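J.: Quick one: sequence plus predicted model below, questions after.
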Amino acid sequence: MEKMNLLNTYKGARSTLLAIIIFSVLNCFMLFFEMGYTFLYSMITPQLALIFAKHVFRGFTSVIVVVMFAVVPIALYTISYLLSNKDWKWMRVATVLFGTDILVFIGYFFVFGFEGSFIIDILFEGLIMFNLVRGTIAGKKLNNDFEVEEIVIENTNVTGEEGEETRVKIYSYDKAFAKKNKADKNLLLILSVFALFGVMFLIIMLLTAAKINPVLLIFVVYGLIIGYIVWIVKMSPFLSAKNFQYFKKDGIVCRNTIINGMNGVIQPFKDLRVESASEDRFVCSYQQKENKRKNLVIPNSYPDIDEILKY
């Protein structure tokens, strides 16, 4: 029961993080197009960056302010959300980032003074921080408390007073094996973050020098961010590979989900077939409905998993 409560707390923190990202992006668009309304459940820093860029700074400086204090934080929160499903430490990263956002808000009070309308913003900032801190603590406890070596599936055909017990072979993630088979994408992910910021900076410099309309520039930058997020989603099977164990039960390949060190849902894949294979992955399909098959990418990071896959 305690583990389930911790798991629910962690999931709640991830939902909070997703809400922050969505509402922060919406607020940026609303401020940019001067719609006169913003949502509360969001970051403060990107909003302040847009306000300062429009009313205080000019030219290339305003673009740099928007990118560094609006685009980059939202990108970092998005990466933290996606990878927090794999490792609780990314939730800690998000918590530290939001702590920085609170410090920026406090700094704004000291420089420009306090207004009564800020009280609601403060309450929501505190609520968000509370949820993120709880999620970080829950994630750490789940990670430290995990201790399992194999899955035991109990046979439903009970004979006599003692039930029969069937032990199945578990195919677990192996980091050394994954690196050897080029299925470990962690280094690629880290390099891609630096590449993204480098490309953004280059594009901003070129478009600014060409005196392109700022609206077009914003759309180009956000388009680049969206493209990067799409790429991250495509890489997600590799980034979440540590969360899964595979085994075969009654002739059907199944996957056991491990969320922050806690055994979760066991998902069966009916009629799982390998459609193609490369050095780093198996591209499979399985029967989802009567006349519909769904694709599934299995990273080649589980030693001997091809023993249970159907070609």
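T.: Right, received. Where do you want to start?
J.: contacts, neighbours, all on C-alpha from now
T.: OK.
J.: Over the longest helix that the chain contains, what's the mean pLDDT, rounded is fine.
T.: For the chain, the helix with the greatest residue count under DSSP state H is helix 2-32. Averaged across helix 2-32, pLDDT comes to 83.
J.: same for that helix, what does it pack against?
T.: Other elements packing on helix 2-32 under the criterion 3 or more C-alpha pairs under 8 Å, 6 or more residues apart in numbering; DSSP states H and E are helix 45-55, helix 72-83, helix 118-144.
J.: after the second one, next one along is what?
T.: Just to be clear, that refers to helix 72-83. helix 89-112 (DSSP states H and E).
J.: re earlier: the longest helix of the chain versus helix 89-112: what angle between them?
T.: 40 degrees (axes from the mean of the first three to the mean of the last three C-alpha atoms, to 10 degrees).
J.: Would you mind listing the buried residues in helix 2-32?
T.: Residues of helix 2-32 classed as buried by neighbour count (16 or more other C-alpha atoms under 10 Å): 3, 6-7, 9-14, 16-18, 20-21, 23-25, 27-28, 30-32.
J.: what do you get for stretch 225-243?
T.: Here stretch 225-243 shows 225, 228-229, 232, 235-243 as buried, counting by 16+ other C-alpha under 10 Å.
J.: and the residues you listed as TSV, adding secondary structure and pLDDT?
T.: Converted to TSV, the buried residues of stretch 225-243 look like this (DSSP: H, G, I helix; E, B strand; the rest coil; pLDDT from 0 to 100):
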residue	secondary structure	pLDDT
Ile225	helix	72
Tyr228	helix	78
Ile229	helix	74
Ile232	helix	79
Met235	helix	86
Ser236	helix	83
Pro237	helix	88
Phe238	helix	91
Leu239	helix	83
Ser240	coil	82
Ala241	helix	89
Lys242	helix	84
Asn243	helix	81
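J.: Adding distance to Pro73, write these out as TSV.
T.: Shown next, in TSV, are the buried residues of stretch 225-243 (distance: C-alpha to C-alpha, whole Å):
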residue	distance to Pro73
Ile225	11
Tyr228	14
Ile229	14
Ile232	17
Met235	21
Ser236	21
Pro237	25
Phe238	24
Leu239	21
Ser240	23
Ala241	26
Lys242	27
Asn243	26
